[in-house]
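> just to be clear, the model below is a prediction. Sequence and coordinates:
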Amino acid sequence: MDERGYAGNGGIEGPRRGAVPHRGPRNVLTVAAVAIVAIPVLVLGGCVYSCAVVPSSPLDQPMSVSMVLDAHPGEVPANAEWRDTIAEADSAAEGGQDVLVVEDYPDSGEALVVQPSGSPKCPAIRMDKYVYEEGRYAVTGFWGASQAQPGKRASPIEPLYDYTTAEVAANSLSSCLSMDSHVAFGVSMDPSVHDLTIGGVSPTWVREIDLDGETCYVWCYEDMDVRAMFYAAGVDASDFTLREVIDGLDIRVGDEAPY
């Protein structure tokens, strides 16, 4: 094989000098026969692969509060980026990426924000921690970060796993374990999230947000103790799965199958 990856003659000598190589229809028939056999095999093989390989479900993958612990409340750093608005302060802290403030909670110094995450179908949400001094804001940290999760692959060759809206909500709810707060929230690309219930209770509010030309939906419970709900449902925050969260906390979205 040469440098370009092409195979040579493999050590087989060519025709003897003076000999006349046979150029009858036999070679053409051989190539045609190989093609006739190979093409159905390739087609059949592709069908078998596509039918046999199914995407891995995240439902039963182990999770823990340590895996979703992304709270960084922090103190005001000496080099804090002070700005006139929360969105500007957050953008400065994130290196200039635009964010949209969905709800401000000035009493606790928190603001619920959404931002693009690289994919228009996968916006991200989190709760910012901020300080307000002399008419200016500085973001000091965040918690409860999650994404809309439109799909996931366990490996590059695996088909895309399509999350149900209940699975996305359960993942967001688990992220809210990272802070001892009575606010729970998430973001979805599915308008049916208006029908979301957790333990039979609807969100305090659901808002339609225009983000980079796409419509997403932010839901929020403003009086929900997620840690207490996990404990009451017998879901171990140090070792749980999304299936346990969905079943234990009774997460439902209208008539949609939860998983």
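Done, it's in. Numbering: from 1, shown residues only.
> and the contacts of stretch 241-248?
Outside stretch 241-248, the residues within contact range by Cβ atoms under 8 Å, 6 or more residues apart in numbering are 58-63, 166-167, 170-171, 173-174, 230, 233-235, 251, 258-259. (Glycine included, C-beta is placed from N, CA and C.)
> also stretch 186-193?
Stretch 186-193 has contacts (Cβ under 8 Å, 6+ apart) with 114, 121-125, 146-148, 150, 165, 168-169, 171-173, 175, 206, 208-209, 214-219, 253-254, 256.
> cutoff 6 Å now
With contact meaning Cβ atoms under 6 Å, 6 or more residues apart in numbering, stretch 186-193 is reached by 114, 121, 123, 125, 146, 148, 150, 165, 168-169, 172, 216-219, 253-254.
> same deal with stretch 208-216?
Here stretch 208-216 makes contact (Cβ under 6 Å, 6+ apart) with 116, 120, 123, 187, 189, 217, 218.
> name the nearest residue to the fourth one, sequence neighbours excluded.
If you skip the residues right next to it in sequence, residue 187 has residue 125 as its closest partner in space, 4.2 Å away by Cβ to Cβ, 6 or more residues apart in numbering.
> which helices and strands does the helix or strand harbouring that neighbour pack with?
Applying DSSP states H and E as the criterion places residue 125 in strand 124-133. Applying 3 or more Cβ pairs under 6 Å, 6 or more residues apart in numbering; DSSP states H and E, one finds that strand 124-133 makes contact with strand 110-115, strand 136-147.
> can I get these in TSV including mean pLDDT?
Converted to TSV, the helices and strands packed on strand 124-133 look like this (pLDDT from 0 to 100):
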stretch	mean pLDDT
strand 110-115	95
strand 136-147	91
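> among those, which comes closest to residue 239?
strand 136-147 (19.5 Å; Cβ to Cβ).
> strand 110-115 and the closest one, what's the angle between them?
60 degrees (axes from the mean of the first three to the mean of the last three Cα atoms, to 10 degrees).
> buried ones in strand 136-147?
Neighbour counts over strand 136-147 (16 or more other Cβ atoms under 10 Å) mark 137, 138, 139, 140, 141, 142, 143, 144, 145, 146, 147 as buried.
> next one: stretch 169-178
So, applying 16+ other Cβ under 10 Å, buried residues of stretch 169-178: 169, 170, 171, 172, 173, 174, 175, 176, 177, 178.
> out of those, which are inside strands?
If you go by DSSP state E, these have nothing in strands.
> just give the number of residues close to residue 223.
Residues lying near residue 223 (other Cβ atoms under 10 Å) number 9.
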